[in-house]
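>>> give me a 3D structure for the following:
(one chain, ligands or ions: 1)
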Amino acid sequence: MTEWNKLVPKPRGKFLRVKCLKCGNEQLLYSNAVNKVTCNVCGEILAEPAGGKAKIKGEILTAFE
Ligand SMILES: [Zn+2]
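Sure, this is the predicted structure:
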């Protein structure tokens, strides 16, 4: 393992535009999020990590590869 390997991420996930079901706020999150993602407006959980892939709680509007 070199320093270089640590610096280059392996992009396997997607960016998702997710709509908060509680307040309607739309925000971008990463589909392989390793941390819990909460709504910037109301704090509702939008995604939770589940075995390397995020479990999306909101409504997915668009996915970007
Ligand atoms: Zn919200």
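
>>> name every strand pairing with the helix or strand containing Ala54 and say which way it goes.
Taking DSSP states H and E as the criterion, Ala54 maps to strand 53-56. Sheet pairing for strand 53-56, assigned by DSSP bridges, gives strand 45-50 (antiparallel).

>>> and the ion, is the partner strand touching that?
No. Applying CB under 5 Å from the ion, one finds strand 45-50 separated from the ion by no less than 7.7 Å. No exception for glycine: its C-beta is placed from N, CA and C like everyone else's.

>>> list the buried ones in that strand?
By neighbour count with 16 or more other CB atoms under 10 Å, strand 45-50 contains the buried residues 46-47.

>>> for it, the distance to its chain's centre please.
With CA atoms, centre = their mean, to the nearest Å as the basis, strand 45-50 stands 7 Å off its chain's centre.

>>> contact partners of that strand?
Here strand 45-50 makes contact (CB atoms under 8 Å, 6 or more residues apart in numbering) with 18, 20, 27, 29, 33-39, 54-58.

>>> sorry, back to before: mind giving me the packing neighbours of the helix or strand following the strand holding Ala54?
For strand 53-56, the following helix or strand on the C-terminal side (DSSP H and E) is strand 59-64. Other helices and strands packing on strand 59-64, by 3 or more CB pairs under 8 Å, 6 or more residues apart in numbering; DSSP states H and E, are strand 15-19.

>>> could you give me the average pLDDT of the strand it packs on?
The average pLDDT within strand 15-19 is 95.
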